[in-house]
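Asks: Compute the structure for the input listed below.
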Amino acid sequence: MSATILEGPAVAEAISEDVMNRVTALAAQGVTPCLGILRVGERPDDLSYERGACKRAEVTGIAVRHLVFDEGVTTEELVEAVEAINADDSVHGLLILRPLPAHIDEERVCNALAAYKDVDACGERSLGTLFTGADGAFAPCTAQACIEILDHYGIEIAGRRALVIGRSLVIGKPVAMLLLERNATVTIAHSRTADLEELAREVNIIVACVGHAAMVGADHVAPGQTLIDVGINVADDGSLVGDIAFDEVVDVVDAITPVPRGVGSVTTCVLCKHVVQAAEMMM
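Replies: Numbers count the residues shown, from 1 in each chain. Have a look, this model is predicted:
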């Protein structure tokens, strides 16, 4: 029997509906939630994500302000732009498209952003708040999207054993903290973990975010599991594939997110949700 496919668009629509209702409530109080997007240069993946974020913002009624700089921009200029956003009460959140060019001190730019406007958790204060469990900061949008999918489809987190394969500060470590906060027992693994197949077969939930195409295959899975595939890799034929070998595991596990139409389709909705939350907190 094939697994339940955890389609992202259904989750995205549910989040968008909630966001639109909250935008309407804010509008009644004279507030229009506004997202700033800071981009340097014309990297195709940055442009693609920016288009997706703008489309979702338009659908939900969120305004967008673009801060676009050429490749020759300095760290000082970017820090000044971020600090200007901090001081601008009409902009409620700022997305900094990363990675920034190599000559830019990315850490300094991200850390210049106020935590209450850091809607994708790029700064150390936001990540520190996430890891300490304190209130007042946002989780990275992709990490939060994994939790939104589990919740939407009614998949129990509390008391379950979860394996996160990947240890980045963007997804791996944050999603592990979010699962832990929801009372899962969490193990973090990576591409050099010994006996990964055996470890993976013992858990209830696997979140694959290591960035290696089809790394998780039939030897890693067991009946009853839920698989969340965060990976986006380009195959030899140009198609998008995840970190999980979908065709190898779909007839074994209970539930799995596809690639595409999985986690990625939820991420921009979480971004909009965070902008609305930031606007609500600033009132």
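Asks: got a pLDDT number for the nearest residue to Val253 once chain neighbours are set aside?
Replies: Nearest non-adjacent residue to Val253, counting by C-beta to C-beta, 6 or more residues apart in numbering: Gln225, 4.5 Å away. The way it works is simple: take the backbone N, C-alpha and C, and place the C-beta from them, glycine included. With respect to pLDDT, Gln225 has a value of 98.
Asks: For the remainder of this discussion, apply numbering that starts at 777.
Replies: Taking 777 as the first residue, the last one we looked at is Gln1001.
Asks: What about Gln1001, how many residues nearby?
Replies: 23 (other C-beta atoms under 10 Å).
Asks: now it: how far from Asp1030?
Replies: Between Gln1001 and Asp1030 the computed distance is 6 Å (C-beta to C-beta, to the nearest Å).
Asks: Next: Ile982.
Replies: Between Ile982 and Asp1030 the computed distance is 11 Å (C-beta to C-beta).
Asks: how about Val997, what does it touch?
Replies: Neighbouring residues of Val997 by C-beta atoms under 8 Å, 6 or more residues apart in numbering: 976-977, 982, 1003, 1025, 1028-1029.
Asks: so Leu1003 is in which element?
Replies: Following DSSP states H and E, one finds Leu1003 within strand 1002-1005.
Asks: Sorry, wrong one. I was asking about Val787.
Replies: Assigned by DSSP H and E, Val787 belongs to helix 784-803.
Asks: Buried residues, that helix. List them.
Replies: 784, 787-788, 791-792, 795-796, 798-799, 802 (16 or more other C-beta atoms under 10 Å).
Asks: go on, stretch 975-983?
Replies: Buried residues in stretch 975-983, counting neighbours by 16+ other C-beta under 10 Å, are found at 975-976, 979-983.
Asks: ends of that stretch, how far apart?
Replies: 13 Å (C-alpha to C-alpha, to the nearest Å).
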